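>>> the sequence and its predicted three-dimensional model are supplied below.
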Amino acid sequence: MEVTAQMVKQLRERTGAPMMDCKAALTEAQGDMEKAVDGLRKKGLAAAAKKAGRVTAEGAVGSYIHGGGKIGVLVEVNCETDFVARTDQFQELVRDVAMHIAAAEPRFVHRDEVTSAVLERERAIFAEQAAASGKPPAVVERIVTGKLDKFYADVVLLEQPFVKDPDHTVGQMIAERIGRIGENIQVRRFARFKLGEGIEKRQDDFAGEVARAVK
């Protein structure tokens, strides 16, 4: 199948990859757009793995305010050079990460940050639930392992499904951007604020809300 300029343009719009890479991917995939997208994704992940050890001392602190000022996020995303930090592609990535944090409420950047106390608490709960089903110990252990993987996907930023593309995790999305941008990129830390979180409402305020709700 002939690879046309329109097909190359369409693939570039979908992936953000350079024109020549898009043309090569389409040629390799014999014009199959989805295969070309997958090919570029794989190359992006491979490029990210090669760059993982590079120092990331530049970057940006991004913010996102959602829900009429009810939720706010600050996130620090690092890259290798100030030049890349000022590009539109990098700034878009920072905004995407901040927006995702606002929507998905992660508690940790990566699984290494999950404390042993939190992990053991979750493990004990999962083990008790699995044992109550009467399964043999070996099966219980497999069930607990599966539930812990689900726990990580719920609370660890890099393992959560990316809200704008749930077929890929945030970590995979960042790896693909590394392939496009050409530098190592790391999410260092974030803070998420929700208006009134942790504050108990006065009893009369609560009673007033109930009264309004039943009218």
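Received, thanks. Numbers count the residues shown, from 1 in each chain.
>>> what pLDDT does the model give the residue nearest the centre of the chain?
Nearest to the mean C-alpha position of the chain, counting by CA atoms, centre = their mean, stands Val170 at 2.2 Å. Among the per-residue scores, Val170 holds a pLDDT of 94.
>>> report the contact partners of it.
Val170 makes contacts with Val97, His100, Leu157, Leu158, Glu159, Gln160, Pro161, Phe162, as judged by CB atoms under 8 Å, 6 or more residues apart in numbering. All C-beta atoms are positioned from the backbone trio N, CA, C, and that covers glycine.
>>> most surrounded residue in the residues you listed?
Counting neighbours by other CB atoms under 10 Å, the top entry in those is Val97, with 26 neighbours.
>>> could you dump the contacts of Val170 into a markdown table and include distance to Asp32 and pLDDT?
Formatted as a markdown table, the contacts of Val170 follow (distance: CB to CB, whole Å; pLDDT from 0 to 100):
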| residue | distance to Asp32 | pLDDT |
| --- | --- | --- |
| Val97 | 31 | 97 |
| His100 | 30 | 97 |
| Leu157 | 33 | 97 |
| Leu158 | 30 | 94 |
| Glu159 | 30 | 93 |
| Gln160 | 30 | 95 |
| Pro161 | 25 | 95 |
| Phe162 | 24 | 96 |
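>>> let's have those in CSV, adding secondary structure and distance to Asp21.
Formatted as CSV, these follow (DSSP: H, G, I helix; E, B strand; the rest coil; distance: CB to CB, whole Å):
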residue, secondary structure, distance to Asp21
Val97, helix, 24
His100, helix, 26
Leu157, helix, 28
Leu158, helix, 25
Glu159, helix, 27
Gln160, coil, 28
Pro161, strand, 26
Phe162, strand, 22
